[in-house]
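**Student:** Fold the following and give me the result.
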Amino acid sequence: MPRDRFVSVTAVCEIFLPHLESVLKTCNLGFILHSGNTSRGSVFPAGIARRGTTGIEENVAIERIIIVGGGTAGWMAAAALSRIKAGRAVEITLIESEAIGTVGVGEATIPPFVGFNDLLGIKESEMLAAVGGTFKLGIQFENWGNLGESYIHPFGAYGYSMGGISFHHVWHRMAKAGDKRPIQVFNVETMAAYFGKFARTEDYASEDLPPVNYAYHLDAGRYAAFLRRFAEERGVVRQEGKVADVALDPESGFVTGVTLDDGRQFAGDLFIDCSGFRGLLIEQALKTGYDDWSQHLPCNRAVALPCKRDDGSPPPPFTRATAHSAGWQWQVPLQHRNGNGHVYCSSYMEDQQALDILLGNIAGKPQAEPNWLRFVTGRRKKFWNKNVVALGLAAGFMEPLESTSIHLINTGIDKLISLLSLDGITQVQEDTFNRLTGREYARIRDFLILHYNATQRTDSDFWNYVRTMDVPDTLKEKVEIFRANGQIFREEDELFTETSWAAVMMGQGITMGGHNAMADALDPAKTRTEVDEMERSIRYLVQHMPGHGDYLARYCPAPIAA
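**Tutor:** Reported below is the predicted structural model:
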């Protein structure tokens with residue numbers, strides 16, 4: 001049985017690239033663009049490529065990579081790119097300003113993120129201790145399908161396939177025959193989460209017991225600081241300052257360099273935009289454009305507030321997402337505090353009301369002033385435009401309902417490294433990156449919309465809107481097929497598994513109208529014996545797991561200050 005049932009597109013971070021020839025172009029002058037206006041007096045080498053009517057015609061070796069913006073996105077990119085080895089070193093510079101705060105609400109991750117850290121060679125226990133991190137087995141959703149209801153979206157699968165048939169079909173056949181067991185008892189992550197238990201597969205490594213799939217809760221700011229140390233030890237140079245101007249090649253339109261507010265200039269060949277919602281390079285300089293998805297995902301504001309967890313209770317091994325009258329609240333448990341936030345739609349709720357709801361539903365003393373965020377759900381029309389690649393909030397934003405923000409940074413880096421050639425930038429690289437990333441965003445978008453649209457709530461105008469709104473045809477088809485016979489069709493490399501879709505649909509009241517006809521061909525007695533043994537092995541494993549708090553104290557204890 002595979003250890004991680006989530007599909008990861010994590011690429012190999014250490015790749016072999018051809019020897020670079022140094023090519024310096026100084027025959028053309030760039031010009032400075034600032035907020036759409038030309039600024040005189042600065043000189044940069046011309047762009048690294050020229051674009052004709054059919055695409056990029058001529059390219060130059062990439063010797064200087066400039067990352068604009070730090071935070072989680074910037075330092076994840078810096079850490080991963082620092083592992084690239086070539087005939088001679090590529091200069092990697094990260095520009096950030098301590099005066100510009102980071103959003104830092106992405107404190108929950110999903111299983112592919114474990115692989116990202118593994119590929120960097122980061123020791124898990126060391127990282128978790130440094131960031132005050134905890135383990136995460138899934139997400140508990142409360143009040144989504146209806147008030148008073150809850151379910152867990154687990155990271156592992158429900159059962160395992162039998163006769164080539166997904167387990168939820170087998171379960172449905174048995175339920176129709178009178179079996180009363182809920183499908184959740186056949187998932188180890190769900191049962192461990194309910195009982196506050198945790199163990200890693202490596203701790204027992206038995207073929208007779210199911211694997212445990214997990215991710216992390218972490219302090220995003222501390223994680224960025226951890227990666228900064230990692231990247232700087234491997235040659236990444238950090239420059240303090242704010243970007244004041246962006247230089248563009250007058251013929252190709254490529255970015256050639258940036259000028260900081262103190263006058264220092266940095267030329268580059270490839271630029272990574274991690275500047276957050278502003279999109280300093282991808283949008284303010286290149287005018288890439290933005291696809292607005294707020295008609296399907298109308299929440300447009302959030303207020304975040306960490307609080308101390310001083311009641312002595314161990315942190316639960318799952319994230320909580322509790323629906324309110326015009327949005328939802330997250331709770332992310334770290335070792336010594338909780339991350340809290342309220343995501344809401346300003347058309348249905350005032351800011352003060354949103355803050356009051358948040359303050360009334362946190363358990364502990366606030367540790368900071370409220371952090372207010374405004375956003376428009378959607379994505380850039382291009383993620384890679386000319387010689388600029390946008391990551392994180394600069395690329396787009398989808399609310400952290402399924403903890404996909406850090407994941408999209410991860411997969412953006414994966415695709416960039418997989419496609420990157422230090423010989424230069426080609427049109428096919430840009431087009432492929434944009435096609436794959438756009439498809440990934442659309443699939444995640446549909447999954448998030450499902451949470452809002454699959455509801456029976458009628459207690460507020462907000463829920464009446466999302467319950468009755470039109471949804472993308474791709475989502476309609478998935479739901480209609482599941483209602484007909486329980487089948488879940490997934491696209492190649494789709495992030496969310498059959499269990500993910502089944503957990504949310506069944507957890508929010510969408511029932512299977514039938515099951516795969518092949519399930520009826522399975523021998524009933526043999527099937528029951530196998531299913532009974534499956535349940536026993538899960539129960540045995542969970543009973544013998546340590547408590548999540550005890551596991552953290554032994555494996556990765558964080559200093560109290562964390």
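**Student:** burial of Lys180, as a residue count?
**Tutor:** Lys180 has 6 neighbours, counted by other C-beta atoms under 10 Å. The way it works is simple: take the backbone N, C-alpha and C, and place the C-beta from them, glycine included.
**Student:** three-state assignment of it?
**Tutor:** Per DSSP: H, G, I helix; E, B strand; the rest coil, the local secondary structure of Lys180 is coil.
**Student:** Need the per-residue pLDDT for it.
**Tutor:** At Lys180, the model reports a pLDDT of 97.
**Student:** gap between it and His407?
**Tutor:** 36 Å (C-beta to C-beta, to the nearest Å).
**Student:** for Thr322, same thing?
**Tutor:** Thr322 is 22 Å from His407, by C-beta to C-beta.
**Student:** These two: which is more packed in?
**Tutor:** Shown here are Thr322 and His407; by other C-beta under 10 Å, His407 has more neighbours (24 against 16).
**Student:** how would you label that one: helix, strand or coil?
**Tutor:** Quick answer, by three-state DSSP: His407 is helix.
**Student:** Which pLDDT value does the model give it?
**Tutor:** His407 carries a pLDDT value of 96.
**Student:** Same check on Ala61?
**Tutor:** At Ala61, pLDDT is 88.
**Student:** Quick check: it is in a helix.
**Tutor:** No. Under three-state DSSP, Ala61 sits outside any helix and is assigned coil.
**Student:** and it, how many residues sit next to it?
**Tutor:** Neighbour tally, Ala61, other C-beta under 10 Å: 20.
**Student:** got it, and Ser460?
**Tutor:** Neighbours of Ser460 (other C-beta under 10 Å): 14.
**Student:** quick one, what contacts Gln487?
**Tutor:** Gln487 is in contact with 481, 516, counting by C-beta atoms under 8 Å, 6 or more residues apart in numbering.
**Student:** what's the distance between it and Thr259?
**Tutor:** Distance of Gln487 to Thr259, given as C-beta to C-beta: 56 Å.
**Student:** State which helix of the chain is the longest.
**Tutor:** Longest helix in the chain, counting residues (DSSP state H): helix 427-453.
**Student:** just checking, what packs against that helix?
**Tutor:** strand 55-59, strand 384-385, helix 405-419, helix 461-468, helix 473-485, helix 498-507 (3 or more C-beta pairs under 8 Å, 6 or more residues apart in numbering; DSSP states H and E).
**Student:** closest one to Arg443 among these?
**Tutor:** Smallest distance to Arg443 across the helices and strands packed on helix 427-453 (C-beta to C-beta): 8.0 Å, for helix 473-485.
**Student:** Check what contacts that closest one and list those residues.
**Tutor:** With C-beta under 8 Å, 6+ apart, helix 473-485 has contacts from 442-443, 446, 449-450, 453-454, 487-489, 501-502, 505, 510-516.
**Student:** What of stretch 429-440?
**Tutor:** If you take C-beta under 8 Å, 6+ apart as the criterion, stretch 429-440 is touched by 56, 379, 382-386, 389, 395, 408, 411-412, 415-416, 419-421, 491, 493, 495.
**Student:** Return the residues in contact with Asn338.
**Tutor:** 306-307, 309, 315, 331-332, 362-364.
**Student:** Give me the pLDDT for the nearest residue to Gly253 once chain neighbours are set aside.
**Tutor:** In this structure, Gly253 finds its nearest non-sequential neighbour in Lys386, 5.9 Å apart by C-beta to C-beta, 6 or more residues apart in numbering. At Lys386, the pLDDT value in this model is 98.
**Student:** just Glu491 next, same as before
**Tutor:** For Glu491, pLDDT reads 83.
**Student:** cool, and Tyr348?
**Tutor:** 99.
**Student:** just to revisit the earlier point, which one of the helices and strands packed on helix 427-453 lies closest to Leu373?
**Tutor:** Nearest of the helices and strands packed on helix 427-453 (C-beta to C-beta): helix 405-419, 12.0 Å.
**Student:** What is that closest one packed up against?
**Tutor:** Using 3+ C-beta pairs under 8 Å, 6+ apart, helix 405-419 is in contact with helix 71-81, helix 112-120, helix 427-453.
**Student:** my guess is Val246 contacts Glu283, does it?
**Tutor:** No. Judged on C-beta atoms under 8 Å, Val246 makes no contact with Glu283 at a distance of 10.9 Å.
**Student:** Neighbour count: those two, which is higher?
**Tutor:** Between Val246 and Glu283, counting by other C-beta under 10 Å, Val246 is the more crowded of the two (24 against 21).
**Student:** so where does the more buried one fall, helix or strand?
**Tutor:** strand 243-248 (DSSP states H and E).
**Student:** Next, the angle from whichever helix or strand comes after that strand to strand 243-248.
**Tutor:** Of the helices and strands lying after strand 243-248 in sequence (DSSP H and E), the nearest is strand 255-260. Here the directions of strand 255-260 and strand 243-248 differ by 160 degrees (axes from the mean of the first three to the mean of the last three C-alpha atoms, to 10 degrees).
**Student:** Return the list of strands paired to strand 255-260, each annotated with direction.
**Tutor:** strand 243-248 (antiparallel), strand 265-267 (antiparallel) (DSSP bridges).
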